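**Student:** What would the 3D arrangement of this be:
(chains A, B, C, D, E, F and G)
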Amino acid sequence: MTMPLKMLESFLNKRISLLLKDNRVLEGKLVGYDDYMNMVLEDTEEKTDEMTRKLGVVILRGNNVVRMTLVG
Amino acid sequence: MTMPLKMLESFLNKRISLLLKDNRVLEGKLVGYDDYMNMVLEDTEEKTDEMTRKLGVVILRGNNVVRMTLVG
Amino acid sequence: MTMPLKMLESFLNKRISLLLKDNRVLEGKLVGYDDYMNMVLEDTEEKTDEMTRKLGVVILRGNNVVRMTLVG
Amino acid sequence: MTMPLKMLESFLNKRISLLLKDNRVLEGKLVGYDDYMNMVLEDTEEKTDEMTRKLGVVILRGNNVVRMTLVG
Amino acid sequence: MTMPLKMLESFLNKRISLLLKDNRVLEGKLVGYDDYMNMVLEDTEEKTDEMTRKLGVVILRGNNVVRMTLVG
Amino acid sequence: MTMPLKMLESFLNKRISLLLKDNRVLEGKLVGYDDYMNMVLEDTEEKTDEMTRKLGVVILRGNNVVRMTLVG
Amino acid sequence: MTMPLKMLESFLNKRISLLLKDNRVLEGKLVGYDDYMNMVLEDTEEKTDEMTRKLGVVILRGNNVVRMTLVG
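**Tutor:** Presented below is the predicted three-dimensional model:
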């Protein structure tokens, strides 16, 4: 069995894609997180239906996150 | 009586279907979860009204989940 | 006085109908629950305005539930 | 001063009307409740803008309730 | 400094107006409350955009409240 | 570093403007607050897109607040 | 690994941009925060789809925040 936080640890220093509750997608290198799944991303790109934008370092509140995947 | 987390344990290593609050459906092999029903899925497919998409490994926040069933 | 969790216990192994926050209705045999009113249903049917669907065994997150009644 | 849970106790075995967050109204005899204001109603009628329906015994999750009043 | 619960205490036995999250307004005599700002009102009138209605004694869940003021 | 509650303390007895989640703005003299950022305002004016209204003393639930600023 | 609150500390006394749940953007110098990610900003500008506005010192409730980035 792979605990969610253990899997998140394996995502460290890799590019991940996060779907947020407002349908926004953030793609960036995961450099940190805490027990609430607050996260720190580097080299982040943000994508909505209308646009793509470079954001650099992003701190993200975990309660906005729906799902996380590795970018492949 | 079958406790919900006990039933979830019996879903381990099987393909499950998750309905999320935003009406999105995730289908994948359940490889882990925690007490908040955060989950780890493998070989995940995501289905919305508009599209189907392969996502691979997914970490899912439990508070977005409505219901879980076995696929089968 | 009948405590809600005591009443829920009396629903065990009976068919119940659950109204969810998104207006979805789940009907199935209640085979388990926990203190958060997460529930396990068997032989579940799901009904929305548009369709009815057989789901089999369902694990349901309690925070999506509005009300529960006995069926039949 | 009348504490809310004390007032709720005085509603026991009387018909009450509950307004829910989705604008649904439940009317029934209050036969039990807990500290989260989860409730058990008997002889329940449910009223939405479109219809009235008999529901019998209902277990209601407290976090969906807006307000409670005595009926009649 | 006047703590919110201290101010609420000073509203006891006076007519207050409560704005709820769904834009509903309840006006009534405050006869009780608890630490969650659940409240008991007497001689309550409910006002929405469409109508005014007499409700008598009302138990109100605090998490639906936006703001409270004295009437008159 | 200025902690949020410390800054809020410095707002005491000054006129502040509060933006609420429903886009409502309350302007009044801050006379009290607690750890949940529930607040007491005096000489309050409420502004929505459609109107301005005098409200006098207002008790405000903190979980409806988006941001606070000094007025003037 | 960089914990989110540690990264937030490194944002102190720098201009940051905050995206809120209602799509509002606040840009200002971060001068303080607490464990709930409540924040204090100075020289704040607020941007919505319709307008830009100077707000000065702002206290922001953390539960409205989606993501934070450095400006510039």
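
**Student:** In chain A, which residue sits closest to chain C?
**Tutor:** A:N63 (13.6 Å; CB to the nearest CB). All C-beta atoms are positioned from the backbone trio N, CA, C, and that covers glycine.

**Student:** ok so that residue is a helix residue?
**Tutor:** Yes - under DSSP: H, G, I helix; E, B strand; the rest coil, A:N63 falls within a helix.

**Student:** Let me know the pLDDT of it.
**Tutor:** Here, the pLDDT recorded for A:N63 equals 92.

**Student:** and if you look at A:N13?
**Tutor:** We note a pLDDT of 98 for A:N13 in this prediction.

**Student:** how many other residues sit next to the residue of chain A closest to chain C?
**Tutor:** 16 (other CB atoms under 10 Å in any protein chain shown).

**Student:** from memory it sits against A:Y36, does it?
**Tutor:** Yes - applying CB atoms under 8 Å as the test, A:N63 and A:Y36 come out as touching, 7.3 Å apart.

**Student:** the strands in chain A, which residues?
**Tutor:** Remark: strands assigned in chain A by DSSP state E are A:15-20, A:25-33, A:39-47, A:52-60, A:65-70.

**Student:** nearest to chain B, of those strands?
**Tutor:** Each of these has some distance to chain B by CB to the nearest CB; the shortest is strand A:65-70, at 4.4 Å.

**Student:** Counting by contacts, list what the closest one packs against.
**Tutor:** Applying 3 or more CB pairs under 8 Å, 6 or more residues apart in numbering or on different chains; DSSP states H and E, we find strand A:65-70 packed against strand A:15-20, strand B:52-60.

**Student:** Quickly compare these and say which is most buried.
**Tutor:** strand A:15-20 (a mean of 21; mean count of other CB atoms under 10 Å in any protein chain shown).

**Student:** Quick check: neighbours of that strand in the sheet, parallel or antiparallel?
**Tutor:** Using DSSP bridges, the strands paired with strand A:15-20 are strand A:25-33 (antiparallel), strand A:65-70 (antiparallel).

**Student:** Quick one: those as CSV, columns for distance to E:K29 and mean neighbour count too.
**Tutor:** Shown next, in CSV, are the strands paired with strand A:15-20 (distance: least, CB to CB, whole Å; neighbours: other CB atoms under 10 Å in any protein chain shown):
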stretch, distance to E:K29, mean neighbour count
strand A:25-33, 50, 20
strand A:65-70, 45, 22
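
**Student:** which one of those lies closest to D:V25?
**Tutor:** Smallest distance to D:V25 across the strands paired with strand A:15-20 (CB to CB): 32.6 Å, for strand A:65-70.

**Student:** Need the CA coordinates for that closest one. PDB is fine.
**Tutor:** Taking Å, rounded to 0.1, in the frame of the first residue of the first chain, the C-alpha atoms of strand A:65-70 are listed here in PDB:
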ATOM      1  CA  VAL A  65      -6.300  20.900  -5.000                       C
ATOM      2  CA  VAL A  66      -8.400  18.200  -6.600                       C
ATOM      3  CA  ARG A  67      -5.700  15.900  -8.000                       C
ATOM      4  CA  MET A  68      -2.000  15.700  -8.700                       C
ATOM      5  CA  THR A  69      -0.200  13.800 -11.400                       C
ATOM      6  CA  LEU A  70       3.400  13.500 -12.700                       C
END
